[in-house]
Structures are given as C-alpha cells and as structure tokens.
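> Show me the folded form of this:
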Amino acid sequence: MALLGDVPDMMKRGSVKLSWLRERFAVIAEDASAEVVRRHARAYLLHLLCCTIFNDKTGNSVPLMYLPLLEDLDRATRYSWGGATLSYLYRQLSIAYKSDAKAICGSLTLLQVRWEPYTDDILQMLPAISRQASHLWLSRVPLISFSIVEMHVPDRILRQFGRVQRIPGPVDALDCVTRKGRGHIDWGRYFAHFVQIWHRRTDYIIPPDEKTVDIGRVEYMAWYWSITKRYIGRSGFTYDMRYEPRDHIERSLVDGMKHLHMMATDGLQDF
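Modelled structure (predicted):
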C-alpha cells in the first residue's frame, strides 16, 4: 500500500472499501508534497476506474490489482484502457445473459449509446485524443484485462466504419478463466500468446474493400439469412403470416386503424 501511503484497518480479498478511499483522500493539504499529491491522484483514479469502467457487483469495494498500473502516472496514459473496458464489459455480458443472473456490471453507459457510422463530418467534430490511432479501430485482436481475454471483431460491424459488410470470420472460443484462487498468477505470462498478438495489432488490421463490392454484399446477405433465426417459436411449426387477434383491445386498435385508413383513402379520392 506504499502507492497510497496508508492501509485500511480491514481488507477483504485484496479489495478496499470505496468509502475508505473517499474518507481518507477527500481532502489534501495546500502545502502537500509532490508524493502526497501523487498518492491522492492514484486514489482518485482508482476510485474512478472502479466506479465506471471496472465496477463490480459488490457496489462498494475496489480491487487493488489496478493500483500498480497507477504507480507511474505518465506510463498509465499509455495503457489501452478502452480495450480493457470492452474486454471487461463483454465478459460481464456473457455472464448476465444466463437465466440465473440477477445483476450486471461493467461500463453500461456504452450499451445506452446509439452508434452511428463514423462519417467524415462526425470524425472532424471529435477531439484529437479520440482520433488517435484510428487505423487500429479495424484491428481484429484480443482485448486483455488481467484474467479476461475477449476478441475485438470489427469485421462483424464493418458498416460502422463506412465499409461494405462481408461474411465475418469465425471467432475462436476462448476459455473463461476466473481470478478466484489464482491471485499468484502473472496474467501477462499466462496469456503470453494473446499479448504477443496485441503487440502486433497493426498486422491484424482488416484490409480495405475490394472491387467486387456488390458480389460481397450478395454473399453476405445469403449467409446472414442462412444463420439468422427470423421467427421465435417451436422448431418446424408453420406460422400463419397474418394478424392473429389476442384480445378485444388489440382487435379494436386494428379495426380503428383500418377505419382511419378507409377515411383517408376516401378523402384523397374526393380531393
């Protein structure tokens, strides 16, 4: 805990309480030394990380495994926090879809955003920091956050980047490894293969569209319909493709719409 200069009376499973961070580092003296300022900055960033992009289901604790990443504050700016954010969120989504799941965590703000294609006018409005290394947006590489490895597969959303959507490549099934009982593991070594791919991420950028754009579009739609489940229900059951009344309220709504349509049609004819 030298990075914070203090330690709480009670710790549990390598975590500290958010309330302890707030109480201990809420105020800093005006004549504080540079090291004390750095400690408060680390505490603030640790609190921020674990309340936004890496929040967990406890809602009141902070895993200290992130603290060493904040030892050198200049170096901390060079980490791929965005990649780690997505990796953590993807893993939480894969857990939350299960029938017995009762909560979800991660950067849920990203799920509330309506994404639009990155047109030139939109890109020009973004601050420079948001456009840094934009050529890597189309890099198909693993996203890593300690024990979590999830694939970034931009070839599945090429239209987001103004490209023609083609049949995406298969996604490797990655083992779901947990940190439970593995506190001693060096995850950089454990996932050395994925770390090497990440370091060579410029080699995995999806190439530009070819001249056979129209052919690719036709092939994609044929593939899409072949793997898409268009109807929800029993397999092999034949559905009547028409409106089926459920109750008198819905029936009344449909009848009302028909009546309005007839009135509008008659009115246009008279006009």
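> pLDDT score assigned to Gly236?
pLDDT recorded at Gly236 is 68.
> Where does pLDDT dip in the chain?
1, 211-216, 234-249, 269-271 (pLDDT under 70).
> ok, which stretches of it are helices?
Assigned helices in the chain, in chain order: 18-25, 34-51, 73-76, 81-96, 120-125, 187-190, 192-199, 213-227, 248-270 (criterion: DSSP state H).
> Tabulate those helices (TSV), appending mean neighbour count and distance to Val113.
Every residue, glycine included, has its C-beta placed from N, CA and C. Formatted as TSV, these follow (neighbours: other C-beta atoms under 10 Å; distance: least, C-beta to C-beta, whole Å):
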stretch	mean neighbour count	distance to Val113
helix 18-25	16	25
helix 34-51	17	19
helix 73-76	11	25
helix 81-96	18	12
helix 120-125	8	13
helix 187-190	13	29
helix 192-199	14	25
helix 213-227	11	24
helix 248-270	10	33
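> need the ones you listed in JSON lines with distance to Arg163, can you?
As requested, those are exported to JSON lines (distance: least, C-beta to C-beta, whole Å):
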{"stretch": "helix 18-25", "distance to Arg163": "42"}
{"stretch": "helix 34-51", "distance to Arg163": "33"}
{"stretch": "helix 73-76", "distance to Arg163": "33"}
{"stretch": "helix 81-96", "distance to Arg163": "20"}
{"stretch": "helix 120-125", "distance to Arg163": "14"}
{"stretch": "helix 187-190", "distance to Arg163": "33"}
{"stretch": "helix 192-199", "distance to Arg163": "22"}
{"stretch": "helix 213-227", "distance to Arg163": "9"}
{"stretch": "helix 248-270", "distance to Arg163": "40"}
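> and Val62, which of those is closest to it?
helix 34-51 (4.3 Å; C-beta to C-beta).
> Point out the other helices and strands that that closest one packs with.
helix 18-25, strand 61-63, helix 73-76 (3 or more C-beta pairs under 8 Å, 6 or more residues apart in numbering; DSSP states H and E).
> Of all those, which one is nearest Thr228?
Among the helices and strands packed on helix 34-51, strand 61-63 sits nearest to Thr228 (C-beta to C-beta), with 39.2 Å.
> before we move on, the earlier item: to Pro154, which of the helices of the chain lies closest?
Comparing the helices of the chain by C-beta to C-beta, helix 81-96 comes nearest, at 11.2 Å.
> and the angle from that closest one to helix 34-51?
Per axes from the mean of the first three to the mean of the last three C-alpha atoms, to 10 degrees, the angle that helix 81-96 makes with helix 34-51 is 40 degrees.
> so what does helix 81-96 touch, helix or strand wise?
So helix 81-96, by 3+ C-beta pairs under 8 Å, 6+ apart, packs with strand 142-145, strand 148-151.
> Just the angle for it relative to helix 192-199, thanks.
Going by the same axes, to 10 degrees, helix 81-96 makes 130 degrees with helix 192-199.
> can I get the CA coordinates of helix 81-96 in CSV?
This file holds the C-alpha atoms of helix 81-96, laid out as CSV (Å, rounded to 0.1, in the frame of the first residue of the first chain):
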residue,chain,number,x,y,z
TRP,A,81,-7.9,1.4,-21.0
GLY,A,82,-10.5,1.4,-23.8
GLY,A,83,-9.6,-2.1,-24.8
ALA,A,84,-9.7,-3.3,-21.2
THR,A,85,-13.1,-1.6,-20.8
LEU,A,86,-14.6,-3.5,-23.7
SER,A,87,-13.0,-6.8,-22.6
TYR,A,88,-14.5,-6.4,-19.1
LEU,A,89,-17.9,-5.5,-20.5
TYR,A,90,-18.0,-8.3,-23.0
ARG,A,91,-17.2,-10.8,-20.2
GLN,A,92,-20.0,-9.4,-18.0
LEU,A,93,-22.5,-9.6,-20.8
SER,A,94,-21.6,-13.2,-21.3
ILE,A,95,-22.4,-13.8,-17.6
ALA,A,96,-25.5,-11.7,-17.4
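> Can you name the residues in contact with that helix?
Helix 81-96 is contacted from outside by 53-54, 101, 103-108, 110-111, 143-145, 148-150, 152, 176, using C-beta atoms under 8 Å, 6 or more residues apart in numbering.
> from the middle of its chain, how far away would it be?
In terms of C-alpha atoms, centre = their mean, to the nearest Å, the gap separating the centre of helix 81-96 from the centre of its chain is 5 Å.
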